[in-house]
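In: Turn this into a model:
(one chain, ligands or ions: 1)
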Amino acid sequence: MSSQISKTARYIDLQVNGYAGVDFNADSLSTEQIRHACDAMRNDHVDSCLATVITDSLDAMITRISRLADAAESDSEIAGVISGIHVEGPFLSPVNGYVGAHPPTAIREANRSDAERLVEAGRGRVRLLTLAPEQDRSGALTRWLSEQGIIVAAGHTNASLSELDTAIDNGLKMFTHLGNACPPEIPRHDNIIQRVLSRAERLSISFIADGFHIPMLALRNYLNCVPDENVVIVSDAISAAGLGPGTYHLAGQDVHVDEDGAAWAACRTHFAGCATPVQTMVGKLQSELGIDDRRIDQWTRINPAGLLAAC
Ligand SMILES: CC(=O)N[C@@H]1[C@@H](O)[C@H](O)[C@@H](COP(=O)(O)O)O[C@@H]1O
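Out: Numbering: from 1, shown residues only. Next up, the predicted model:
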């Protein structure tokens with residue numbers, strides 16, 4: 001197992017909420033700050049990413065999406081790293097545990113007019129949207145978004161198998177950070193993790209491989225259930241990424257990064273993003289799970305690139 005590729009490898013990260021002290025979901029965010037986050041990502045081998053806007057009031061989400069689009073339009077260095085925007089919400093499950101770190105009061109049932117406003121704010125840069133299929137039971141919004149060339153992912157969801165299948169039939173391509181955003185105590189057999197794994201041939205599935213969101217032994221089992229061509233590693237990085245323990249911010253929430261590097265919401269019942277850069281995740285996949293360079297490259301670059309290219 002060579003660690004050489006880690007020094008030269010380049011990554012594509014489909015879920016980045018912030019980086020190096022910069023929160024992409026902050027109320028005030030300058031182009032210089034966004035450029036600083038992009039420089040730091042490039043130094044950490046991330047060639048391109050989808051800047052991620054999480055659930056908030058629709059107006060706040062629109063302002064944040066539009067600001068990221070402005071920054072990418074006006075600055076080619078930013079556009080070189082932020083190749084698009086991932087909108088995570090607001091059409092998620094409001095149920096405790098599934099909603100994760102997203103504010104339940106801002107959750108909405110999927111609807112075309114809100115989605116159009118979010119997509120328009122990005123001026124062609126919204127490339128991925130995560131929703132809960134049970135909020136889009138007919139699959140109509142999933143179909144419309146897919147027709148716009150937007151990758152639709154399920155996430156923060158307790159979709160039934162038939163809701164998942166309806167979504168897949170309407171263009172669902174991906175599942176966002178499997179193993180997280182579900183309650184710690186779920187039915188042992190019929191649960192969202194098992195349902196999604198049963199569809200692993202038909203969906204790309206992202207995992208946060210920091211060792212906190214999913215213990216490495218469970219991650220190994222999940223990875224064994226998903227074809228290599230459908231595994232995607234995401235960081236779900238927040239402003240704390242690459243920095244040490246301390247208190248950081250995510251969309252107005254305080255996030256506490258502990259001595260080990262896990263990023264906790266203030267209530268300590270769930271994580272609120274991740275402080276671990278992709279290259280550190282790669283080190284863990286290599287040293288703790290023995291994953292070889294070819295598979296790492298497929299999961300961190302080839303597969304995310306393929307998803308972006310196909311839509
Ligand atoms: C940017 C952000 O806030 N991300 C968090 C993620 O870190 C957490 O894993 C999930 C649910 O939390 P849980 O899996 O820790 O219960 O909610 C959010 O998506």
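In: Show the contacting residues for Ala40.
Out: Tyr19, Ala20, Gly242 (C-beta atoms under 8 Å, 6 or more residues apart in numbering). The way it works is simple: take the backbone N, C-alpha and C, and place the C-beta from them, glycine included.
In: got JSON lines for those residues, with neighbour count and pLDDT too?
Out: As requested, those are exported to JSON lines (neighbours: other C-beta atoms under 10 Å; pLDDT from 0 to 100):
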{"residue": "Tyr19", "neighbour count": "30", "pLDDT": "97"}
{"residue": "Ala20", "neighbour count": "20", "pLDDT": "96"}
{"residue": "Gly242", "neighbour count": "19", "pLDDT": "89"}
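In: pretty sure Leu285 is in a helix, no?
Out: Yes: using DSSP: H, G, I helix; E, B strand; the rest coil, the assignment for Leu285 is a helix.
In: Tell me how far the residue lying closest to it once chain neighbours are set aside lies from the ligand.
Out: Distances taken as C-beta to C-beta, 6 or more residues apart in numbering put Ile291 closest to Leu285, at 4.3 Å, once the chain neighbours are dropped. Between Ile291 and the ligand the computed distance is 22 Å (C-beta to the nearest ligand atom, to the nearest Å).
In: now Lys284
Out: Distance from Lys284 to the ligand, by C-beta to the nearest ligand atom: 16 Å.
In: okay, now the closest residue to that residue other than its chain neighbours: neighbour count?
Out: Distances taken as C-beta to C-beta, 6+ apart put Gly211 closest to Lys284, at 5.4 Å, once the chain neighbours are dropped. Number of residues near Gly211 (other C-beta atoms under 10 Å) recorded here: 18.
In: what's near enough to touch Gly211?
Out: Leu219, Thr276, Lys284, Glu288.
In: re earlier: can you tell me which of the contacts of Ala40 are in helices?
Out: In helices, judged by DSSP state H, none of the contacts of Ala40 are found.
In: now the contacts of Gly211 in CSV, with neighbour count and pLDDT?
Out: As requested, those are arranged in CSV below (neighbours: other C-beta under 10 Å; pLDDT from 0 to 100):
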residue, neighbour count, pLDDT
Leu219, 23, 98
Thr276, 26, 96
Lys284, 16, 97
Glu288, 14, 97
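In: Closest one of these to the ligand?
Out: Using C-beta to the nearest ligand atom, Thr276 is the member of the contacts of Gly211 that lies nearest the ligand, at 10.9 Å.
In: Report the contact partners of that closest one.
Out: Contacts of Thr276 by C-beta under 8 Å, 6+ apart are Asp210, Gly211, Phe212, Ser235, Ala237, Ala241, Gly261.
In: before we move on, what SS does it have?
Out: coil.
In: What does it show for phi and psi?
Out: phi -100, psi 120 (degrees, to the nearest 10).
In: Thought Lys173 was touching Val232, still the case?
Out: No: Val232 is beyond contact range of Lys173, at 10.5 Å (criterion: C-beta atoms under 8 Å).
In: More neighbours: which of these two?
Out: Applying other C-beta under 10 Å to Val232 and Lys173 shows that Val232 carries more neighbours, namely 27 against 21.
In: The more buried one belongs to a strand?
Out: Yes: Val232 forms part of a strand when assessed by three-state DSSP.
In: List the residues that contact it.
Out: Leu14, Met174, Ser204, Ile205, Ser206, Phe207, Trp299, Asn303, Pro304, Leu307.
In: One more pass at 7 Å, please.
Out: Leu14, Ser204, Ile205, Ser206, Trp299, Asn303, Pro304 (C-beta atoms under 7 Å, 6 or more residues apart in numbering).
In: Now distance to the ligand and secondary structure too, for these, in CSV please.
Out: Shown next, in CSV, are the contacts of Val232 (distance: C-beta to the nearest ligand atom, whole Å; DSSP: H, G, I helix; E, B strand; the rest coil):
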residue, distance to the ligand, secondary structure
Leu14, 13, strand
Ser204, 17, strand
Ile205, 15, strand
Ser206, 11, strand
Trp299, 19, helix
Asn303, 20, helix
Pro304, 18, helix
